[in-house]
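Participant: give me a 3D structure for the following:
(one chain, ligands or ions: 1)
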Amino acid sequence: MQIQIFQDEESLHRAVAKELIEAVKTKPNTVLGLSTGSSPLGTYANMIKDHQVSGTDYSDVVTFNLDEYVGLDGTHSQSYRYFMNTSLLNHLNIPLNQTNVPNGTGDLKEACESYEAKIVSAGGIDLQLLGIGTNGHIGFNEPGTAFDTRTHVTQLLQETIDGNARFFDSAADVPKEAVTMGIDTIMDVKKIILIAYGSKKAAAIREMVNGPVTDSMPASILQKHQDVTLFLDEEAASLLKK
Ligand SMILES: N[C@@H]1[C@@H](O)[C@H](O)[C@@H](COP(=O)(O)O)O[C@@H]1O
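Facilitator: Residues are numbered from 1 along each chain as shown. Sure thing, here's the model as predicted:
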């Protein structure tokens with residue numbers, strides 16, 4: 001695992017955006033894995049700005065998001081499809097039919113199988129952006145998720161529901177289930193960038209990097225991936241062993 005530590009969020013986001021932009025410039029048909037939550041928002045803002053100013057071309061890029069809430073279709077303002085369209089995709093020159101978010105409505109078993117098949121037919125994910133939950137979840141792979149999982153339907157833990165309630169009117173409105181790429185799906189990607197900032201993430205970052213590889217800390221499996229870089233601010237990195 002490589003670790004880069006930044007003094008502030010803005011320089012962190014500029015650096016992550018630079019990585020994504022370089023990937024797209026180097027390989028115009030790059031397959032990007034994208035994530036939601038607040039962590040990547042500043043990165044997406046930098047990518048949009050670069051596209052407007054420098055015209056980085058996304059017309060051949062393909063994207064796959066990590067996860068989606070069960071029961072929310074793409075028009076729901078808290079669905080991850082809606083989040084991606086409004087926070088990034090609508091502002092780049094990428095045809096929306098080249099962008100993929102798991103389907104959280106309809107036949108979920110079929111949605112999971114077809115998502116895996118689509119990733120394979122796109123040639124696999126070149127560069128995956130990840131955030132991390134305070135309990136160490138990646139995507140919506142909660143503590144206890146088997147490491148050999150592929151895209152599947154998962155029950156959200158109460159702590160995750162409570163943590164994500166800030167985006168909804170109340171915790172009662174947060175869906176209890178999600179469709180998420182599995183741990184094994186994530187481990188198959190060629191390169192991973194994980195973003196974390198703020199003291200709330202410090203304990204999870206310490207366990208992920210310095211702790212044992214265990215399914216009670218899903219992100220710890222990343223110790224076994226061959227190309228992972230953590231982009232952290234000083235607070236998120238504050239509990240790491242020196
Ligand atoms: N499914 C998402 C994760 O992919 C994300 O990493 C996490 C952290 O959210 P935030 O970046 O807002 O801290 O939230 C959600 O649970």
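Participant: for the most centrally placed residue in the chain, phi and psi?
Facilitator: The residue lying closest to the centre of the chain (Cα atoms, centre = their mean) is Ser35, at 2.6 Å. Dihedral angles of Ser35 (phi, psi; degrees, to the nearest 10) stand at phi -130, psi 170.
Participant: tell me the spacing between it and the ligand.
Facilitator: As judged by Cβ to the nearest ligand atom, to the nearest Å, Ser35 and the ligand stand 5 Å apart. For glycine as for every other residue, the C-beta is placed from the backbone atoms N, C-alpha and C.
Participant: isn't that residue right up against Phe64?
Facilitator: No - using Cβ atoms under 8 Å, Ser35 makes no contact with Phe64, being 10.3 Å away.
Participant: list the contacts for Thr180?
Facilitator: Contacts of Thr180 were listed using Cβ atoms under 8 Å, 6 or more residues apart in numbering, and they are Leu66, Asp67, Pro102, Gly139, Phe140, Asn141, Thr151, His152, Thr154.
Participant: hey, C-alpha coordinates of the helix-or-strand element of the chain with minimal mean pLDDT in PDB?
Facilitator: Of all regular secondary-structure elements in the chain, judged by mean pLDDT, DSSP states H and E, the least confident is helix 158-164 with a mean of 92. Backbone C-alpha positions of helix 158-164 (Å, rounded to 0.1, in the frame of the first residue of the first chain) are rendered in PDB as follows:
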ATOM      1  CA  GLN A 158     -27.600   0.300  11.600                       C
ATOM      2  CA  GLU A 159     -24.400   2.300  12.000                       C
ATOM      3  CA  THR A 160     -24.200   2.800   8.200                       C
ATOM      4  CA  ILE A 161     -27.900   3.700   8.000                       C
ATOM      5  CA  ASP A 162     -27.400   6.300  10.800                       C
ATOM      6  CA  GLY A 163     -24.200   7.600   9.200                       C
ATOM      7  CA  ASN A 164     -25.900   8.100   5.800                       C
END
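Participant: ok, then the element right after the longest helix along the chain?
Facilitator: When the chain is scanned for its longest helix (criterion: DSSP state H), the result is helix 9-26. Per DSSP states H and E, helix 9-26 leads on to strand 31-34 as the next helix or strand towards the C-terminus.
Participant: which strands or helices does the next helix or strand after that following strand pack on?
Facilitator: In the C-terminal direction, the helix or strand that comes right after strand 31-34 (DSSP H and E) is helix 41-54. Taking 3 or more Cβ pairs under 8 Å, 6 or more residues apart in numbering; DSSP states H and E as contact, the helices and strands that helix 41-54 lies on are helix 9-26.
Participant: apply 10 Å and report the result again.
Facilitator: For helix 41-54, the contact count by 3 or more Cβ pairs under 10 Å, 6 or more residues apart in numbering; DSSP states H and E identifies helix 9-26, helix 80-87, strand 191-196 as packing neighbours.
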